[in-house]
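Student: Any chance you could fold what I've pasted below:
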Amino acid sequence: MAAPSPFAPLGVFDSGVGGLSVLRAIRQQYPAEDVIYLADQAHVPYGSRSLEEVRAFSEGITRFLVDEGIKLMVVACNTASAAALRYLRERFPTLPFVGMEPAVKPAAEQTQSGVVGVLATPATFQGALYASVVERFAQGVTLLQDTCEGLVGLIEAGRLEDGQTRAILERALRPMLTRGIDTVVLGCTHYPFVIPLIEEIVGPGVRVIDPAPAVARQAGRLLQMHGLANTGQSVGRVRFITSGDAGRLTALLPRLLGEAGRVETAEWVDRGRTLRLSGEAIEN
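Tutor: Next up, the predicted model:
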């Protein structure tokens, strides 16, 4: 891969719209950067899939975005980070990567009760990355875990204040509150979009940790380290691509990101190993 220019775009991907929470933080902190955001909505959710499947999807997406000229990759998906981040760094050694790590460390440092709730997908909980973070930083802290089954699909549908969404969160959080949590870690990039509902359920005495701002800061540090930061004054552009329904992503962008955008479509070929652009773009 040729040495990228500071004016090249960042790549950001997730299984769906969850990574928009990370993109939102990147746009707030580094507005001059161009970004290509890829939502693999053909395969959402990743959380219930095998680590091997997620690794294959992640490699195909990374290869596609490298061909589109990105200078840095943000794996804006906890499940993909757990399944594939180390593998991707080995496969693409010249490309800087930023991944998602469950914010167990700051939670363990800040908890007063010693009891922390963690909301994440099954694949994240099963991954070596989560186990490593817990072993290194959560000794002496009680972690209460819940997979919030079905929540990702509801967020993908834009049902952020839906009664069913509330019911899933109530079922996960009420038992944790009974056991004394004072901190909630969001271990899935979809979940920050329901922070208002989470805060309503847990009350003002419980801290909710959104990892997106920290991930954006790490991306900025790597850009500076590699001499790739775009220091221009203009506002960067975002190119949106989905492997699913472009109309659905287009409709959600203003609500979740606060921006409208033109959404292109890509399709999986070669038995699901390769992505290629297809179809017409939809513009909001």
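Student: switch to C-alpha atoms for all contacts and neighbour counts from now on
Tutor: Noted.
Student: ok, now which ones touch the residue nearest to residue 151 when sequence neighbours are not counted?
Tutor: Once flanking residues are discounted, residue 151 sits nearest to residue 165: 6.4 Å by CA to CA, 6 or more residues apart in numbering. The neighbours of residue 165, taking CA atoms under 8 Å, 6 or more residues apart in numbering as the test, are 151, 154, 159.
Student: one more time with 10 Å
Tutor: Contacts were defined as CA atoms under 10 Å, 6 or more residues apart in numbering; by that measure residue 165 touches 148, 150-155, 159, 194, 197.
Student: Paired strands for the helix or strand that residue 37 is a member of, with orientation please.
Tutor: Assigned by DSSP states H and E, residue 37 belongs to strand 35-39. Under the criterion DSSP bridges, strand 35-39 sits next to strand 10-14 (parallel), strand 238-242 (parallel) in its sheet.
Student: Confirm residue 277 sits in a strand?
Tutor: Yes: applying DSSP: H, G, I helix; E, B strand; the rest coil, one finds residue 277 inside a strand.
Student: I'd guessed it sits against residue 244; true?
Tutor: No: Residue 277 lies out of contact with residue 244 (CA atoms under 10 Å); the separation is 11.7 Å.
Student: Can you show me the helices along this structure?
Tutor: Per DSSP state H, the chain carries helices over the ranges 20-29, 51-67, 78-91, 104-110, 122-126, 128-137, 151-156, 163-178, 195-202, 212-225, 246-256.
Student: What sits closest to residue 19 if chain neighbours are left out?
Tutor: Closest to residue 19 by CA to CA, 6+ apart is residue 76, at 4.8 Å.
Student: in this structure, which ranges drop under the pLDDT threshold?
Tutor: Residue ranges of the chain with pLDDT under 70: 1-2, 280, 284.
Student: returning to what we had before: deepest of the strands paired with strand 35-39, which one?
Tutor: Comparing those by mean neighbour count (mean count of other CA atoms under 10 Å), strand 10-14 comes out on top with a mean of 27.
Student: Can you check what angle separates that one from helix 20-29?
Tutor: 150 degrees (axes from the mean of the first three to the mean of the last three CA atoms, to 10 degrees).
Student: can I get the CA coordinates of strand 10-14 in CSV?
Tutor: C-alpha atoms of strand 10-14 as CSV (Å, rounded to 0.1, in the frame of the first residue of the first chain):
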residue,chain,number,x,y,z
LEU,A,10,-10.4,7.7,7.6
GLY,A,11,-12.2,4.4,7.3
VAL,A,12,-14.9,3.6,9.9
PHE,A,13,-17.0,0.4,9.9
ASP,A,14,-19.6,-1.5,12.0
